[in-house]
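**Q** Have a look at this fold, sequence not included:
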């Protein structure tokens, strides 16, 4: 199949060449012909499918995409459009917009252009959520030039907003924005109102440039204030995301919202108040509360009851105090009582004032909730049911197709397996009958059954999961087969030959997807009796990974050994070849299984932070060495391949932090396990329920209940160190606490309790208390009565009330919410007469950071040979600028010694590819007042020239060829300024922090960043007040392997803070976090000094004694004294 695809492409390229496209300038290729009808047909056949680029390892440390044919792919794409490939394919093969591409698409007509726009404007072709997609400008030009209807598409509107913002001047130009190809300002204005109305109607996100464009329209009289106001209020009512509603409120303020506007729309606004969002309540609530008629006041106040923030609650009560007493004041008693019972005294005091002002006398009710018995006995482990296909009929198959087709992601669960098994059963007996049931599968199917639909429609299927590719073997490029993933390959191969197999080897025996040995052997005997000579290799492989090895006894093995030795079936690869061993002999199924029973897969240990949770690193047993290795990046599908395994196969259990279409279906399947959920998967399961998408919510909740009722969720099992699988410090704890509460309310308190207590312990051991700890402790406080009752009734052991970490937290000073909740818990425990509940001795002196030195060698890693810092004599200033509402970045202003007339302004908001991969940064020229000289001018590029020994300026990103594309050839060297900017980004908030961390690690690995270069850079950055030293070093809190080099940044910060303390008679505020980090790692730092890894002069920790001996009132002084004591410094 692969050869035929390549052959068709080569024939198409021959025709392309013969017509003169390759040697003709790109701008002139539309003057060329497209060949005869027959040539067009051949060319179209070769160009309509397949990839023209493939990923190759170019050297030991670099990968890149290279063409599979040696022609200009930009010209080939235009040729493909002209010979008739469909619009979706055209959008796929075009790499950029141009006048040539515009005319080529335009020539295909309006319908084609609209389909092209739909395919071109997609989220996966833009770098960030709101940035311009690769073909966005082309799509906008097509709409304007062809006067097309505006597409009802969020993605198109995102592109229009991005283009309009840059053309109208309300946003800086993006790197992929081609000004020479952009639509004219007049064109944008001509259809401005239509686009705004369409953007509102499709609910385009307001957090992107759309909001700025709308405001620009009002400010420049393209859109009237009244029309804009109507549109924005409509958008507020249909917006789905709180962030959008917040930005829409900003738009209203920008275009001149008045109190009269609010009053006149009171009835429309009241439902919005019920969302409880600060941005809405802060602006609308006071106006409506103070001015609403008595008929509406009750509705307004009840809607405001959903406010969550203290400031807003106080604002609501203060607004109510400004009104006269309502005629029917008694109606408001319950509403006022809600605030009187608030935990915050300032709020309850205001409620008392309102009660008095309105002449009411309310008794504060005892709101203590009755104990509901939420600590329940864990159900017994269920008896695993056998797998059943169900009624086998064409109608039932059609129904299964409908169920699977609704899925947005391929998940090989029990329903998917029923579909395959039933399709095979019917197709083997009557292919035409099966095809009728399967013919409805859409060509745009995303559920994983597209190939089955192709088979049903008798269409040619050119998909081959295994491909010959050139790969890097560590020394050179070699030609090697790259094998498809196991589940994907099994599906593709079986779907294209579904009528050829009497049964499928990988069909489960049980509902957990596992297969019994007897079932597997019986299926092989069916093949033998049906006179088949081979089995499908991926089908066999999946059957083996699903085989329940644990239940195979020695007696079973002996019983089946004779049968297996008698099964001489061969193994067919997807390529159509039979599997052979190294000697050229056919490998037989019976022999493979016999050896596999002696030498099966063994589940590897999953260690958070060490085991990859995105790449499968699994050694195949020697018994299967003849089979292709089909594991690489299918970690989220391991539960389906190894259904009897634990955490290593359960990393698909994780929070929905991104679009995770299969989450609910996957959990429903994992809830069919035969064994209880293991510690890592259970920990992640406990954190899932607070952030569910609409499509997943019902399945996730049902899965949780099913797993509990089947005895799969056990108390005291979840391990907090496995949260999110990555080994990092636990995060999003408030969200986790909410999820735990959801499970507790459903009677699973015993499952979550210890994990919540362990979270508090981890938080106390961190350099500073983890965000969200208060919510976790509040959860423990709120459900403590339930646990006490469980202990009293012997449902739970006394040990669940030990809660040592909570008691240590309660012993802390301060008035934080977490400490307050902990004190409430301790006070309640004191009144509980159980011998086991005791205060820990010396709890006030309990160590916050009990660090062991046992893993010193693991933390203090060996560093590469340090590179000398390259001086460039560039002076720099730094200031913080707001690029979007509530999003600030650093602006680096560089003064090059040989260009005195300009300064160069650099901001890096997220995209660091140029700095990371090319050793260069983009900048705008500005005068010495900080004003950009030409806003319309494209940015310039700065890089270090190793020959001229200085930073030079180029108009072109690819300055080697004077082009605007990515830099060709090797990356340029990093001079001091470039490295300083890279390190400074560690202190910048927003999306760039992820790239900054990764880049810092790379630069440390290569020796570019080392102790001495970082010493120099840190001293430079400490001079810039807008850069927070605390944020600069925060990376080391979670990335402890960086301590062996970043200690010098901690040292320099303390030294600088010591000097500031002497000068200002008080320590700087930012030193607190740095001291927390140093205390956390104090044992390592002391050991490193003892071993000579920290030089003696640095081991004195200059500046620390100055802070410790300060007479000012500051928490930093106490921390400094603790650190002095641990490090053994003399005061």
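**A** Okay, I see it. Predicted model, so just to flag it, every value in this text is computed and none were measured. Numbering: from 1, shown residues only.
**Q** Please parse this structure into its domains.
**A** 1-85, 394-640, 643-845, 853-866+1011-1019+1030-1131, 869-1009 (automatic domain parsing).
**Q** quick one: which of these is nearest residue 275?
**A** Checking those against residue 275 by Cβ to Cβ gives domain 643-845 as the closest, at 16.3 Å. C-betas here are computed from N, CA, C, even on glycine.
**Q** in stretch 824-835, what counts as buried?
**A** Neighbour counts over stretch 824-835 (16 or more other Cβ atoms under 10 Å) mark 824-826, 829 as buried.
**Q** when you check the residues you listed against the helices, which ones overlap?
**A** Among those, the ones falling in helices (DSSP state H) are 824-826, 829.
**Q** List just the nearest of the residues you listed to residue 427.
**A** Distance ranking of these against residue 427, using Cβ to Cβ, places residue 825 first at 62.7 Å.
**Q** before we move on, the earlier item: now tabulate the domains of the chain in CSV and tack on distance to residue 342 and mean pLDDT.
**A** CSV is the format used below for these (distance: least, Cβ to Cβ, whole Å; pLDDT from 0 to 100):
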stretch, distance to residue 342, mean pLDDT
domain 1-85, 57, 83
domain 394-640, 40, 90
domain 643-845, 14, 90
domain 853-866+1011-1019+1030-1131, 29, 92
domain 869-1009, 28, 88
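**Q** and of those, who's closest to residue 341?
**A** Closest approach to residue 341 among these is made by domain 643-845 (14.5 Å; Cβ to Cβ).
**Q** circling back to that earlier point, from the buried residues of stretch 824-835, which is closest to residue 502?
**A** Taking those together and measuring to residue 502 by Cβ to Cβ, the closest member is residue 825, at 64.1 Å.
**Q** follow-up on the earlier one: between the domains of the chain, which gets nearest to residue 358?
**A** Among the domains of the chain, the nearest to residue 358 by Cβ to Cβ is domain 643-845 (30.7 Å).
**Q** Tabulate the domains of the chain (TSV), appending distance to residue 384.
**A** Below are these laid out as TSV (distance: least, Cβ to Cβ, whole Å):
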stretch	distance to residue 384
domain 1-85	40
domain 394-640	5
domain 643-845	4
domain 853-866+1011-1019+1030-1131	40
domain 869-1009	42
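**Q** Tell me which of these lies nearest to residue 248.
**A** Nearest of these to residue 248, taken as Cβ to Cβ: domain 869-1009 at 11.6 Å.
**Q** starting at the chain centroid, how far to the closest one?
**A** Its chain's C-alpha centre and that of domain 869-1009 lie 27 Å apart, by Cα atoms, centre = their mean, to the nearest Å.
**Q** same check, this time on stretch 28-46
**A** Here stretch 28-46 is found 43 Å from its chain centre; the criterion is Cα atoms, centre = their mean.
**Q** So which bits of that stretch are buried?
**A** Quick answer for stretch 28-46 (16+ other Cβ under 10 Å): 29, 32, 34-35, 39-40, 42-46.
**Q** again with stretch 107-127
**A** Residues of stretch 107-127 classed as buried by neighbour count (16+ other Cβ under 10 Å): 108, 112-122, 125-127.
**Q** still on that earlier bit, rebuild the buried residues of stretch 824-835 as a markdown table, extending it with distance to residue 193.
**A** Formatted as a markdown table, the buried residues of stretch 824-835 follow (distance: Cβ to Cβ, whole Å):
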| residue | distance to residue 193 |
| --- | --- |
| 824 | 58 |
| 825 | 59 |
| 826 | 63 |
| 829 | 65 |
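**Q** nearest to residue 717, of those residues?
**A** Proximity of the buried residues of stretch 824-835 to residue 717 (Cβ to Cβ) peaks at residue 825, which lies at 23.0 Å.
**Q** so who does the closest one touch?
**A** 777, 780-781, 784, 803, 806, 810 (Cβ atoms under 8 Å, 6 or more residues apart in numbering).
**Q** change it to 7 Å
**A** Listed by Cβ atoms under 7 Å, 6 or more residues apart in numbering, the contact set of residue 825 reads 780-781, 784, 803, 806, 810.
**Q** And for residue 407?
**A** 447, 665.
**Q** Swap in 10 Å and give it another go.
**A** 413, 415-416, 445-449, 661-662, 665, 695 (Cβ atoms under 10 Å, 6 or more residues apart in numbering).
**Q** Residue 260 too?
**A** Contact partners of residue 260, counting by Cβ under 10 Å, 6+ apart, are 287, 291.
**Q** Would you map the strands across this protein?
**A** Using DSSP state E, the strands of the chain run over residues 53-59, 62-67, 467-472, 477-482, 534-536, 570-572, 875-884, 887-895, 903-907, 920-926, 940-945, 950-954.
**Q** would TSV of these with mean neighbour count and distance to residue 215 be doable?
**A** Below are the strands of the chain laid out as TSV (neighbours: other Cβ atoms under 10 Å; distance: least, Cβ to Cβ, whole Å):
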stretch	mean neighbour count	distance to residue 215
strand 53-59	14	41
strand 62-67	12	40
strand 467-472	16	50
strand 477-482	12	51
strand 534-536	21	60
strand 570-572	20	64
strand 875-884	15	13
strand 887-895	19	17
strand 903-907	20	21
strand 920-926	20	23
strand 940-945	21	29
strand 950-954	18	34
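**Q** which residues of the stretch 251-400 of the chain fall in helices?
**A** In the stretch 251-400 of the chain, the helices defined using DSSP state H, counting those that start in this stretch lie at 259-264, 266-273, 278-291, 294-304, 310-321, 333-340, 345-357, 394-405.
**Q** among these, which is nearest residue 676?
**A** Nearest of the helices of the stretch 251-400 of the chain to residue 676, taken as Cβ to Cβ: helix 394-405 at 28.7 Å.
**Q** Show me what the closest one is packed up against.
**A** With contacts taken as 3 or more Cβ pairs under 10 Å, 6 or more residues apart in numbering; DSSP states H and E, helix 394-405 sits against helix 414-429, helix 431-438, helix 450-456.
**Q** mind listing what's buried in the shortest one?
**A** Same thing as helix 450-456. Judged by neighbour count (16+ other Cβ under 10 Å), helix 450-456 contains these buried residues: 450-456.
**Q** Closest one to residue 441 out of those residues, please.
**A** Residue 441 has its nearest neighbour among the buried residues of helix 450-456 in residue 453, at 2.9 Å by Cβ to Cβ.
**Q** Could you give the number of residues near the closest residue to that closest one other than its chain neighbours?
**A** Ranked by Cβ to Cβ, 6 or more residues apart in numbering and with sequence neighbours excluded, the top spatial neighbour of residue 453 is residue 441, at 2.9 Å. Look at residue 441: counted by other Cβ atoms under 10 Å, it has 23 neighbours.
**Q** Would you confirm that residue 441 contacts residue 452?
**A** Yes: with contact defined as Cβ atoms under 10 Å, residue 441 reaches residue 452; the gap is 6.1 Å.
**Q** overlap in contacts of those two?
**A** 401, 404, 495.
**Q** what comes up buried for stretch 964-981?
**A** Those would be 967, 972, 974-981, for stretch 964-981 by 16+ other Cβ under 10 Å.
**Q** now, which of the residues you listed sits nearest residue 1092?
**A** If you rank the buried residues of stretch 964-981 by distance to residue 1092 using Cβ to Cβ, residue 979 comes first, at 26.3 Å.
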